[in-house]
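Visitor: could you work out the structure for the sequence below:
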Amino acid sequence: MKQIIAIFIAIIACVASSAQMKGFGGAPSAAVWSSRVEMTGGKTGKVILTLTPSKGWHIYGFEIGEGGPRAMSADFSKSTGIKFKGGIKPSVAPVKTYDDIFGIDVTYWGSKVELIRGFEVTDPASAKIVGTVNYQACNGETCNAPQKYNFNLAIPAGKNK
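Guide: The predicted model follows:
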């Protein structure tokens with residue numbers, strides 16, 4: 001009985017690690033995300049979300065017409081002790097092109113981009129940046145179902161007083 005349980009656990013571990021490498025539902029992972037906070041002054045800073053599409057994939061931008069793939073969106077509403085300054089500014093402009101499949105203009109990134117948003121700390125005791133980016137990716141053969149990247153970032157101590 002112990003051998004059967006050990007084999008069952010090993011099979012589950014293999015399936016789980018394969019799903020992590022490929023992404024949800026066995027679909028290939030289309031992007032790698034990371035996030036960080038950089039303070040630019042005593043109470044000011046910027047949150048930087050770095051998106052690196054996997055080879056051959058492109059991630060759709062914030063501006064997509066009706067009837068196309070899911071446009072990227074970002075929600076920072078769960079952040080506390082922070083006042084955001086302006087919208088998200090990409091380090092590289094997205095490619096804009098007409099997509100024959102969807103029959104509309106689309107924007108996308110096919111290489112690394114940083115999505116940057118400035119902020120001011122309003123309450124150092126509760127300051128944190130929490131959010132979600134929703135996005136969709138295609139690779140010329142297939143499109144992944146819409147994906148999410150969640151982030152929860154602390155403000156560096158001693159930098160916001």
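Visitor: which sections of the chain are below the confidence cut-off?
Guide: Applying pLDDT under 70 to the chain picks out residues 1-28, 157-161.
Visitor: change it to 50
Guide: Scanning the chain with the threshold set as pLDDT under 50 gives 1-26, 160.
Visitor: just the strands in it please.
Guide: Secondary structure of the chain (DSSP state E): strands at 31-39, 44-53, 58-60, 73-75, 82-90, 95-99, 104-109, 113-121, 128-135, 137-138, 147-154.
Visitor: and these, which is most packed in?
Guide: Comparing those by mean neighbour count (mean count of other Cβ atoms under 10 Å), strand 58-60 ranks first with a mean of 25. C-betas here are computed from N, CA, C, even on glycine.
Visitor: just how off-centre is that strand within its chain?
Guide: 11 Å (Cα atoms, centre = their mean, to the nearest Å).
Visitor: stretch 43-59 too?
Guide: 7 Å.
Visitor: quick revisit: among the strands of the chain, which comes closest to residue 67?
Guide: Residue 67 lies closest, by Cβ to Cβ, to one member of the strands of the chain: strand 104-109, at 6.2 Å.
Visitor: what's the closest one packed up against?
Guide: When contacts are defined as 3 or more Cβ pairs under 8 Å, 6 or more residues apart in numbering; DSSP states H and E, strand 104-109 packs onto strand 58-60, strand 95-99.
Visitor: only C-alpha atoms, please: export it in PDB.
Guide: Only the C-alpha atoms of strand 104-109 are listed here, as PDB (Å, rounded to 0.1, in the frame of the first residue of the first chain):
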ATOM      1  CA  ILE A 104      -9.100  44.900 -36.700                       C
ATOM      2  CA  ASP A 105      -6.100  46.900 -35.700                       C
ATOM      3  CA  VAL A 106      -4.200  45.500 -32.700                       C
ATOM      4  CA  THR A 107      -1.300  46.400 -30.600                       C
ATOM      5  CA  TYR A 108       1.200  44.000 -29.100                       C
ATOM      6  CA  TRP A 109       4.700  43.400 -27.600                       C
END
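Visitor: returning to that earlier point: could you dump the helices and strands packed on strand 104-109 into JSON lines and include distance to residue 156?
Guide: Formatted as JSON lines, these follow (distance: least, Cβ to Cβ, whole Å):
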{"stretch": "strand 58-60", "distance to residue 156": "28"}
{"stretch": "strand 95-99", "distance to residue 156": "34"}
